[in-house]
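S.K.: A structural model of the following input is requested.
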Amino acid sequence: MAEIRVDSQAMEQFKQSFITAGEEYKANLVKLTNLINEITKGNLQGPPADDLLRKFEEKRATFNSIAELIDDGERYMGAKQTAFTDMLGEIKGSMK
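M.R.: As a prediction, the model looks like this:
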């Protein structure tokens, strides 16, 4: 049987990196959405604004799907980390 090794510190570091990158992505998506709205409702009018808005709207579902995937990944990692921590606690408890 193959041995499985998990370094809890490395797992926590990966989780934090993932969460940080996810938060940055979601914050940048909000900024982009706000900029698009400002540009298309402000000084930029006509075909260039319409084209920019159309291109953004074509990608909006993809952007939102990525944000949802990030949220799902964060929840999954949290659940797996809790399960791993619980398992280690049980093993340590049974070894005493």
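S.K.: by contact count, what packs against the longest helix seen in the chain?
M.R.: Secondary structure of the chain per DSSP state H: the longest helix is helix 47-95. With contacts defined as 3 or more C-beta pairs under 8 Å, 6 or more residues apart in numbering; DSSP states H and E, helix 47-95 has these neighbours: helix 8-41. In short, each C-beta sits where N, CA and C put it, glycine included.
S.K.: so which bits of the helix it packs on are buried?
M.R.: By neighbour count on 16 or more other C-beta atoms under 10 Å, the buried set for helix 8-41 is 15, 22, 36, 39, 40.
S.K.: any idea of the angle that helix forms with helix 47-95?
M.R.: 160 degrees (axes from the mean of the first three to the mean of the last three C-alpha atoms, to 10 degrees).
S.K.: so where's the chain uncertain?
M.R.: By pLDDT under 70, the low-scoring segments of the chain are 1-6, 81, 84, 88, 92, 95-96.
S.K.: tell me the secondary structure at residue 44.
M.R.: Under DSSP: H, G, I helix; E, B strand; the rest coil, residue 44 falls in the coil class.
S.K.: ok, the closest residue to it other than its chain neighbours - how many residues close by?
M.R.: Of all residues beyond its chain neighbours, the one nearest residue 44 is residue 52 (7.4 Å), with distances taken as C-beta to C-beta, 6 or more residues apart in numbering. When neighbours are defined as other C-beta atoms under 10 Å, residue 52 has 15 of them.
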